[in-house]
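A.B. asks: prediction below, plus the sequence it came from.
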Amino acid sequence: MSTVANLTGTPWTNLVEALPDAALLTDSGHRVCRINSQAEELFGVSTSEVLNQPIDALLPGLSSHRNETNGDDSAHPTHGEINGRRKDGTEFPADVSFNPVQTAAGQFVLYVIRDSSVRRRAEAALREYERQFLLLVENVRDYAIFLLDTKGNVLNWNAGAERIKGYQAGEIIGHHFSIFYPAGPADKKPAEELRIATEKGQSEDEGWRIRKDGTRFWANVTITALRDQAGTLIGFAKITRDFTPRKLAEEVLAQRENRLNAYFEYAPSAIIVSDLDGHIIQVNGRVEEFFGYERGELLGQTIEILVPERFRKTHPGHRADYKANPRVRPMGAGLELFGRRKDGTEFPVDITLGPVETGEGRAVISIIRDLTEMKKTEDALRRAELEKRYLEEELLPEHKFEDIIGESRALKKALKEVETVAATDVTVLILGETGTGKDLIARAIHQLSSRNKRTLVKLNCAAIPTGLLESELFGHERGAFTGAISQKVGRIELAHQGTLFLDEVGDLPLEVQPKLLRALQEKEFERLGSTRTIPVDARLVAATNRDLTKMMANREFRSDLYYRLRVFPISLPPLRERREDIPLLVNYFVDKYARQLNRKIERIPSDVMQALVQGQWPGNIRELENFIERAVILSRGPDLRAPLAELEITDESAPPNEVRLDAAERDHILRVLRECKGMIGGSGGAAERLGLKRTTLNSKIKKLNIRRQDYI
């Protein structure tokens, strides 16, 4: 009786047929006794063609395997990879398991065979993918950021550029940036991008670029024109991001694969596949990393759980459009989009949407990039530019003061307090009448503090309309109110790690005061039109000429904010309480404006000086300075001519402290002589600084009994 007949009707025949993989049985002579339909399909044969035939015809690699196992396939269960051979003679790699089977009809071997060619290709592709994108995965948050001159030559080079493009700074600085472009486009495209950036302010492009080693990468490039205050082009800022994974993902999608393959899992962006109604079908590992959900929690949910509905509806890429107009839609252009994590926090994202065909029909793929790091970089660049502008304003001549002039006891007491508090980070409240120099004291506190390397940001609360003050202080998002066409960084954010000086803080509107209090206490705030909390570390110096205690009683100023501001108060004396400083200030201002107006003022008559000392000066130093400027303009000769009739003279017959005008003049001349290191005449000498002839200065030195050892 044949072996086939012996097996007929046994449970093994049903088992072989029921197996999902290709399977066959052989007898002890290695001849085929039974073959299932899966094996017929795999090898391209019929049962009648292989029964009682040697199994080596189907698995030619068995001969070498028997040599390794001493010629016995049925000795014990084992597994191996052996080439299979189809009827047409083609071979394929196969995973083959050997299982001995003992039946009443004798000893048999069950072979289970699986085509491994698909797995091998997938593994090879995955290895190649991992090799290509290892650098990207390790540096996913890095950007190549560098500057170009007006001709396109590289001026500097950051670490991100070294990693992305492969050049060290010394190898690339001075070279034209067209070196990064493939042959062909390098002739025209770089010049065209610079032209667009020059005309429109910015150019954006995506395309293949070349690294130092010759390999290509898909780059997202933004070139921004840099101009000085006069509008003259001074160069370009170039930011390059490696978008190779996204490009490859798009190419994979373009092939209309019926499922996401191994590349899907390793993309640096979060990828979500959803049906046309927005229900999530599949996600990759980045979704879990970005949003904090387990995959099982998301399947079947609508995509709005990750991208809130209020953002999606602001763009025509909303899900309802896919059926009518299925094409890729970059949602990030011109919009502030945010993803929402499981814990409720939000973060900025860029979303690209597009259709994809799956085995179950048409679906939508969403590619989401986390823009947190990019936003931080952009904010830092924006803040640096604004700080630069503020510093330039600070250095303008009209804002530059050489020193705080005065020797009075009241002023020295205030300056001693400045020196004491400057080394700390506590809030300072400067109190004093208008024109007493509160802004100079604020600048001195900043310059003497550990924050002097950062910006001193000023905001005059009385100079800005009430409706705009909150936006000016805290900033706003695009679209926060009518006319908010772009995002604005507020003064408090700009003062991060520096000092914020709020002048005339008594004019701060009541509705803004609690927000300022929260920013001071919690060290965080939100821009207008945003729910995102921004941490801030700014030292506050406030100043006012108003009576805040009276304002509290009238409910015009919050008491909690007042006590938060009044940690360390400094009171500046009015000019009428430091009359001994008036001669020094008068000499200083006369010298200053005589230089500016090209006048030669050699003498201040004693009656003029006496009247100036006895003036009421309700506008304090500011009023005195403006008065002296006007007096210099009116003076046609060497003597200062002042419109004394305008002055409001005190009723007292003499100042509180007897002021000797000759002593004040002597002190002023001595100070200038010391600054000039004893040089009287010549360019830069004391006579020139004082606006006097050399002979006139020598006469004054003799008259005032000034000796050489007094100033050398």
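C.D. replies: Noted; the coordinates are in hand. Residues are numbered from 1 along each chain as shown.

A.B. asks: what about the one helix or strand Glu171 maps to, distance to the chain center?
C.D. replies: Under the criterion of DSSP states H and E, Glu171 resides in helix 169-172. Taking Cα atoms, centre = their mean, to the nearest Å, one finds helix 169-172 lying 26 Å from the centre of the chain it belongs to.

A.B. asks: alpha carbons only: can I get the next helix or strand after it in CSV?
C.D. replies: Past helix 169-172, heading to the C-terminal end, the next element that is a helix or strand (DSSP H and E) is helix 189-200. Presented in CSV, the C-alpha positions along helix 189-200 are these (Å, rounded to 0.1, in the frame of the first residue of the first chain):
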residue,chain,number,x,y,z
LYS,A,189,18.4,79.8,-8.3
PRO,A,190,20.6,81.3,-5.5
ALA,A,191,20.5,84.7,-7.3
GLU,A,192,16.8,84.5,-7.8
GLU,A,193,16.2,83.7,-4.1
LEU,A,194,18.3,86.7,-3.0
ARG,A,195,16.4,88.9,-5.5
ILE,A,196,13.0,87.8,-4.1
ALA,A,197,14.2,88.3,-0.5
THR,A,198,15.5,91.8,-1.4
GLU,A,199,12.2,92.8,-3.0
LYS,A,200,9.7,91.1,-0.7
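
A.B. asks: show me what helix 189-200 is packed against.
C.D. replies: Other helices and strands packing on helix 189-200, by 3 or more Cβ pairs under 8 Å, 6 or more residues apart in numbering; DSSP states H and E, are strand 202-210, strand 216-227, strand 233-242. Placement of C-beta: from N, CA and C, glycine included.

A.B. asks: what are the buried residues along the shortest one?
C.D. replies: Read it as strand 202-210. For strand 202-210, the neighbour count (16 or more other Cβ atoms under 10 Å) marks Ser203, Arg209, Ile210 as buried.

A.B. asks: between these, which sits nearest Gln168?
C.D. replies: Within the buried residues of strand 202-210, distances to Gln168 taken as Cβ to Cβ reach their minimum at Ile210, with 16.2 Å.

A.B. asks: so that closest one sits against Ser178, correct?
C.D. replies: No. In this structure Ile210 lies outside contact range of Ser178 using Cβ atoms under 8 Å: 10.2 Å.

A.B. asks: about what we covered before: of the buried residues of strand 202-210, closest to Phe243?
C.D. replies: Among the buried residues of strand 202-210, Arg209 lies closest to Phe243 (Cβ to Cβ), at 10.4 Å.

A.B. asks: that closest one contacts Phe217, correct?
C.D. replies: Yes. Using Cβ under 8 Å, Arg209 and Phe217 qualify as a contacting pair, with a distance of 5.9 Å.

A.B. asks: out of the buried residues of strand 202-210, which is nearest to Glu493?
C.D. replies: Nearest to Glu493, judged by Cβ to Cβ, of the buried residues of strand 202-210 is Ser203 at 28.4 Å.

A.B. asks: contacting residues around the closest one?
C.D. replies: The contact partners of Ser203, taken as Cβ atoms under 8 Å, 6 or more residues apart in numbering, are Glu193, Leu194, Ile196, Ala197, Thr222, Ile223.

A.B. asks: which among those residues count as buried?
C.D. replies: The neighbour-count criterion (16+ other Cβ under 10 Å) marks Glu193, Leu194, Ile196, Ala197, Thr222, Ile223 among the contacts of Ser203 as buried.

A.B. asks: and the furthest pair within the residues you listed?
C.D. replies: Spanning the widest gap among these are Leu194 and Thr222, at 12.7 Å by Cβ to Cβ.

A.B. asks: what number of residues lie near Ser699?
C.D. replies: Here the number of neighbours of Ser699 (other Cβ atoms under 10 Å) works out to 12.

A.B. asks: test my guess that Leu647 contacts Val613.
C.D. replies: No. Under the contact definition of Cβ under 8 Å, Leu647 does not touch Val613, with a separation of 10.5 Å.

A.B. asks: give me the more crowded residue out of these two.
C.D. replies: Val613 (21 against 16).

A.B. asks: leaving out sequence neighbours, find the closest residue to the more buried one.
C.D. replies: With Cβ to Cβ, 6 or more residues apart in numbering as the measure, Ile582 is the residue that lies nearest to Val613, at 4.8 Å, once sequence neighbours are left out.

A.B. asks: grab the nearest non-local neighbour of Leu448.
C.D. replies: With sequence-adjacent residues excluded and distances taken as Cβ to Cβ, 6+ apart, Leu448 is closest to Ala422, at 3.6 Å.

A.B. asks: isn't the one you found up against Ser449?
C.D. replies: Yes. Using Cβ under 8 Å, Ala422 makes contact with Ser449 at a distance of 4.9 Å.

A.B. asks: picking up where we left off before, pLDDT and distance to Gln38 added to the buried residues of strand 202-210, as a markdown table?
C.D. replies: Formatted as a markdown table, the buried residues of strand 202-210 follow (pLDDT from 0 to 100; distance: Cβ to Cβ, whole Å):
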| residue | pLDDT | distance to Gln38 |
| --- | --- | --- |
| Ser203 | 91 | 58 |
| Arg209 | 88 | 49 |
| Ile210 | 88 | 49 |
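
A.B. asks: closest to Ser63 among those?
C.D. replies: The shortest distance between Ser63 and any of the buried residues of strand 202-210, using Cβ to Cβ, involves Ile210 and amounts to 51.1 Å.

A.B. asks: for Ala191, see how far away the closest one is.
C.D. replies: Here Ile210 is placed at a distance of 17 Å from Ala191 (Cβ to Cβ, to the nearest Å).
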